[in-house]
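Peer 1: show me how the following folds:
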Amino acid sequence: MDSKGNPIDEFGVKTGEPTINRFTVAVETQRTLSYKTRSVVFARYAYEDVRLYNLESLVIKDILLPDSKVRLSRFGLSFVRDTRERCEGRNSRTAEETSGRSGEVCRYNQTDPTRGDFLTADYSIALRQLGGNVSFSKFQSSYRRYRKLNVLGGTILAGNLTLGLAKMFNPRDRDGNGRIDEIDRTLPISERFFSGGSTTLRGLIMKRRDPGRRSPPRGLS
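Peer 2: Residues are numbered from 1 along each chain as shown. Here you go, the predicted structure:
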């Protein structure tokens, strides 16, 4: 930005504010497999058109340019199982409560569980033949487990494991340089896997103060 806060490009020329336009249409159906374990399967179709404008003022412009026009047309299948419960001492029970350890009653609780697990698995395939401009298949699964200890004041251990796999096929020239290169074989930035979450970018910087001494890594988020 210039001294007045207006966006400018690398040559100091004024440019427009970075803009994203997103259009999405989705159709989804679901079927409950088990009410006891809260197991549900979802099937869906989604079409998404994302356009980026006025990228000249952004430091990561070169990274975003190949994805300035992305159309995704895909089918997906998801499975969810949720047995998370919170167990506490109660004097009464309802139909939704189950027995935990002696003297405890357990209720379904998504936000503050003391036992149980939560599993999600999602597979999707995007095809250019369906009207998109990128073809890939993608699988992502996450598993969380909760367990309450009898020691340390009833400390609860929580573990999480996440797995993501993706593969591009039938790549096209997305950056307009006339050839299929590495960026054309890479997922659109909105579909890639990033540590720290789907909406964050993280990295490390090594800054050297002098040739014989290094400062410790500094994180970016």
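Peer 1: leaving out chain neighbours, which residue sits closest to residue 13?
Peer 2: Leaving aside its chain neighbours, residue 13 sits nearest to residue 56 (8.0 Å; criterion: Cβ to Cβ, 6 or more residues apart in numbering). Using the backbone N, CA and C atoms, a C-beta is placed for each residue, glycine as well.
Peer 1: and the one you found, what element?
Peer 2: Here residue 56, judged by DSSP states H and E, is contained in no helix and no strand.
Peer 1: pull the contacting residues for it.
Peer 2: Residues near residue 56 by Cβ atoms under 8 Å, 6 or more residues apart in numbering: 7-10, 13, 15.
Peer 1: how about the helices in the protein?
Peer 2: 61-64 (DSSP state H).
Peer 1: the bottom helix or strand of it by mean pLDDT?
Peer 2: For the chain, using mean pLDDT, DSSP states H and E, the weakest element among its helices and strands is strand 218-220, scoring a mean of 41.
Peer 1: quick one: residue 1 and residue 14 touch, right?
Peer 2: No - with contact defined as Cβ atoms under 8 Å, residue 1 does not count as touching residue 14 (9.9 Å).
Peer 1: in this protein, what spans have low per-residue confidence?
Peer 2: For the chain, the stretches flagged by pLDDT under 70 are 90-103, 196-221.
Peer 1: and the strands in it?
Peer 2: 19-34, 39-53, 69-82, 85-88, 98-99, 105-108, 116-126, 136-148, 156-168, 203-205, 208-210, 213-214, 218-220 (DSSP state E).
Peer 1: just want the angle from the third one to strand 116-126.
Peer 2: This means strand 69-82. For strand 69-82 and strand 116-126, the angle between their directions (axes from the mean of the first three to the mean of the last three Cα atoms, to 10 degrees) works out to 150 degrees.
Peer 1: contacts for strand 69-82, please.
Peer 2: Strand 69-82 is contacted by residues 34, 37-52, 108, 110, 116-128, 130-134, 188, 190-191 when judged by Cβ under 8 Å, 6+ apart.
Peer 1: partners of it in the sheet?
Peer 2: Here strand 69-82 has these sheet partners by DSSP bridges: strand 39-53 (antiparallel), strand 116-126 (antiparallel).
Peer 1: same question, the longest one
Peer 2: Under the criterion DSSP bridges, strand 19-34 sits next to strand 39-53 (antiparallel) in its sheet.
Peer 1: contacting residues around residue 163?
Peer 2: Residue 163 sits next to 139-142 when contact means Cβ under 8 Å, 6+ apart.
Peer 1: show me which pair in these is furthest apart.
Peer 2: 139 and 142 (11.4 Å; Cβ to Cβ).
Peer 1: ok so, going back, okay, the strands paired with strand 69-82 in a markdown table with mean neighbour count and distance to residue 176 next?
Peer 2: Shown next, in a markdown table, are the strands paired with strand 69-82 (neighbours: other Cβ atoms under 10 Å; distance: least, Cβ to Cβ, whole Å):
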| stretch | mean neighbour count | distance to residue 176 |
| --- | --- | --- |
| strand 39-53 | 16 | 14 |
| strand 116-126 | 18 | 21 |
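Peer 1: could you dump those strands into CSV with distance to residue 147 added?
Peer 2: Compiled in CSV, the strands paired with strand 69-82 are given as follows (distance: least, Cβ to Cβ, whole Å):
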stretch, distance to residue 147
strand 39-53, 21
strand 116-126, 9
